[in-house]
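Show me the folded form of this:
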Amino acid sequence: MSEAVRVLVGRADLARRVRELGRAITEDYAGRQPVLLSVLKGGVWFLADLVRAIDLPLEVHFLAISRYGDAEESQGRVQILLDVDVDIAGRDVLLVEDIVDTGLTCRYLLSVLAARDPASLEVCTLLDKAARRIVPLVPRYVGFQCPDRFVIGYGLDDRERYRNLPDLLQVEDLASLRAAAEPLEAPPARA
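Okay, here's the model as predicted:
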């Protein structure tokens with residue numbers, strides 16, 4: 001594996017934690033049929049594993065947003081490119097995110113969704129980068145606390161690359177990662 005990255009959370013720990021989150025959501029939403037909303041593209045990997053860990057009837061819908069433009073990180077300016085195609089009024093809604101950092105994008109989405117009068121509205125995030133939080137936001141379900149570092153893999157990308165890596169990798173040297181002639185390959189699974 002490249003010296004530009006190191007494993008932050010391995011695939012076995014990811015699988016274990018997603019199962020734990022699925023059990024918690026199953027217990028908390030017992031007797032209800034939650035609507036899980038995910039933001040394309042990064043959240044899809046986490047969402048796919050999470051829904052298989054939830055033992056309830058549920059619905060899955062997607063949003064697509066543009067939040068970065070040419071910037072490397074969110075500036076809180078969000079444009080909804082693909083909106084939810086179901087009425088969520090009176091429904092229990094769980095917004096599933098890959099990562100929450102400043103909270104600006106998530107807060108914006110929560111305000112848009114709350115205006116549609118759901119019965120409940122919560123956030124489940126794989127990674128919580130609370131050190132970068134600008135707005136008050138506490139996700140109800142958190143997979144892992146994330147250091148204030150750039151992370152790739154398991155759906156998270158750098159310029160659309162590396163989403164398919166099965167582990168979460170902390171980028172130690174972004175310039176070296178981007179300059180590499182060969183794309184980064186997945187490290188072998190740990191026994």
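
okay, and the helix or strand of this structure with the least pLDDT?
With mean pLDDT, DSSP states H and E as the measure, the helix or strand of the chain carrying the lowest mean pLDDT is strand 79-82 (a mean of 84).

Off-centre distance for it?
17 Å (Cα atoms, centre = their mean, to the nearest Å).

Quick check: which helices or strands does whichever helix or strand comes after that strand pack against?
Following strand 79-82 in sequence order, the next helix or strand is strand 92-100 (DSSP states H and E). Contacts defined by 3 or more Cβ pairs under 8 Å, 6 or more residues apart in numbering; DSSP states H and E place strand 92-100 against strand 35-40, helix 43-53, helix 104-114, strand 120-128. Placement of C-beta: from N, CA and C, glycine included.

give me every residue that touches residue 139.
By Cβ atoms under 8 Å, 6 or more residues apart in numbering, the contact list for residue 139 reads 97, 100, 106, 122-125, 128.

Let me know the closest of those residues to residue 159.
Distance to residue 159, by Cβ to Cβ, is smallest for residue 97 among the contacts of residue 139, at 19.9 Å.

got a list of contacts for the lengthiest helix in the chain?
Across the chain, the longest stretch assigned as helix under DSSP state H is helix 11-28. The set of residues external to helix 11-28 that reach it, using Cβ under 8 Å, 6+ apart, is 9, 34, 46, 49-50, 52-56, 94, 124, 141, 143-144, 154, 166-168, 189-190.
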